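Chemist: Quick one, structure for this:
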Amino acid sequence: MKTRFRYFDFALFLSVLLLVGLSSIMIYSASVWNRGDYANSSLFYRQLVYVGIGIFVYLIATLFRYEMFRKKGIRLGLYALSVILLFVTWAMPPLNGARAWLIIGGMTIQPVEIAKFVLIILLANYYHELWNNELKGLPGRLARAAITKKGLRAQIGAFFLVPVLFYFSFYAIAINGQPDMGGLFVLGSIMLLMWFGVGAPLRILIPGILAGMGTVFVLFTTIFSENQRSRIEVVFNPFMDPEGYGHQLLMSIISIVHGGLTGVGLGNSFQKYGYLPEPETDYIMSIIAEELGFFGVLTVLVLLFFIAFRAIHIANHADSHFAMFVSFGIASQIMIQTAINIGAMSGWFPGTGVTLPLVSYGGTSLIMMMGVLGVLSSISMRNRHREATRREEIRVKSEENVQRSSLHVVR
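Modeler: Presented below is the predicted three-dimensional model:
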């Protein structure tokens, strides 16, 4: 174990700790709105427990070999479990207008957070087998046709239809029944970015994007509830319902403007006192903007994008397609959730309940993200160990060549 930790990615781990530490401080500040004083901030102490569990999960995931997720039994078992948990939420009482949580005693678990990682694993394994010509049956025939560029329909089938039908469709049905459009949008966006990452041809990416936009329009006009449509409409005009659907967005914008460049000071937010709903979860960044200002927001974004680009760097140095696609999928999830959350708090995207990775309050989202980043750390350790071994082999060969040259000169 000591030998393995020689290659531990301390840059990744330190950035995660800094972000989680800053998050805990801001949750401590934001949670005063429903407790009345800082001394009794139970949300903060609960978050500290989640942080402790998350760090433990991160380190355990780092030590595990990530290749275990390529085993068919583990992979499909996780898929089945995540889908079942999503369907079970249908029987749960609604929270904030959606049945997206499993309520077990006093605990709430959000299965879609598990589904995000499982989808990344499923897609990474599928595209690994696609590129290495390991798929069997119908997927295998489609893959062979796509790789040899024998036709547009084969490429659409291999890159798009097979993963959508076999993996995404079950998630879409389960999540639509909750409904949790934010979670569904994140899953769909992860799939879209992974298509870019695996090198899907542009001639199927562009139609895929257009088809996705068309699907959203059809859903908006036919299936979306009044609540969901109103959340989208207030993005274009939050003043259409300032006391209702537009209230949260207006209060968030006021927080941002109030904070300015440097903020009003830690703990001095005014909006958290009941004006901005749920300031410690979906709109934690609004409180950061108000108390720490633009520079506080910039600090959080720099840390988040450092982690995301670190994941892309790890993907570029991976020794297998599977490790590369998993790393890229993790980077995609972080960037997508960050973009949606920042967009919601600033009025560029509907409020959908998507958390800010490692920052928003919540046990399931934090622990799962720490576990996912632990898997990324495991891939990084493998990369660093392989690079160190390669450099050592080069050094040894170089010394042997020098010794041979010296002997030749002496002779």
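Chemist: Secondary structure element for the residue lying closest to Val51 once chain neighbours are set aside, which one?
Modeler: Computed as C-beta to C-beta, 6 or more residues apart in numbering, the closest residue to Val51 that is not its neighbour in sequence is Val20, at 5.5 Å. No exception for glycine: its C-beta is placed from N, CA and C like everyone else's. Using DSSP states H and E, Val20 sits within helix 10-30.
Chemist: Give the residue spans of the stretch 51-200 of the chain that score low on pLDDT.
Modeler: Across the stretch 51-200 of the chain, the ranges flagged by pLDDT under 70 are 96-97, 137-157, 200.
Chemist: correction: the stretch 251-400 of the chain
Modeler: Low-confidence segments of the stretch 251-400 of the chain (pLDDT under 70): 392-393, 395, 399-400.
Chemist: which SS state does the residue nearest to the spatial centre of the chain fall under?
Modeler: The residue lying closest to the centre of the chain (C-alpha atoms, centre = their mean) is Gln333, at 2.9 Å. Reduced to three states with DSSP: H, G, I helix; E, B strand; the rest coil, the structure at Gln333 is helix.
Chemist: For Tyr50, which residues are in contact?
Modeler: Listed by C-beta atoms under 8 Å, 6 or more residues apart in numbering, the contact set of Tyr50 reads 362-363, 366-367.
Chemist: who wins for most neighbours among these?
Modeler: Neighbour counts for the contacts of Tyr50 peak at Leu366, which has 24 neighbours (criterion: other C-beta atoms under 10 Å).
Chemist: dump the residue contacts of that one.
Modeler: By C-beta under 8 Å, 6+ apart, the contact set of Leu366 is 20, 47, 50-51, 54, 358.
Chemist: what helix or strand is it on?
Modeler: Assigned by DSSP H and E, Leu366 falls in helix 363-410.
Chemist: coming back round to it: next, find the distance separating the residue nearest to the centre of the chain from Leu123.
Modeler: Using C-beta to C-beta, to the nearest Å, Gln333 is found at 11 Å from Leu123.
Chemist: do Arg391 as well
Modeler: Distance from Arg391 to Leu123, by C-beta to C-beta: 33 Å.
Chemist: Would you mark the buried spots in the helix holding Val20?
Modeler: Neighbour-count burial for helix 10-30 flags 12-13, 15-17, 19-20, 22-30 (criterion: 16 or more other C-beta atoms under 10 Å).
Chemist: elements contacting it?
Modeler: On a contact count with 3 or more C-beta pairs under 8 Å, 6 or more residues apart in numbering; DSSP states H and E, helix 10-30 meets helix 42-63, helix 284-316, helix 363-410.
Chemist: Need the winner for burial among those.
Modeler: Sort the helices and strands packed on helix 10-30 by mean neighbour count, taking mean count of other C-beta atoms under 10 Å, and helix 284-316 sits at the top with a mean of 21.
Chemist: and the direction of it versus that of helix 10-30, what angle?
Modeler: Using axes from the mean of the first three to the mean of the last three C-alpha atoms, to 10 degrees, the inter-axis angle of helix 284-316 relative to helix 10-30 is 170 degrees.
Chemist: Does anything pack onto helix 284-316? Which helices or strands?
Modeler: By 3+ C-beta pairs under 8 Å, 6+ apart, helix 284-316 packs against helix 10-30, helix 247-259, helix 321-346, helix 363-410.
Chemist: Now the shortest one: buried residues?
Modeler: Of all the residues in helix 247-259, those buried under the rule 16+ other C-beta under 10 Å are 247-256, 258-259.
Chemist: what angle separates that helix from helix 284-316?
Modeler: Taking the same axes, to 10 degrees, helix 247-259 and helix 284-316 form an angle of 90 degrees between their directions.
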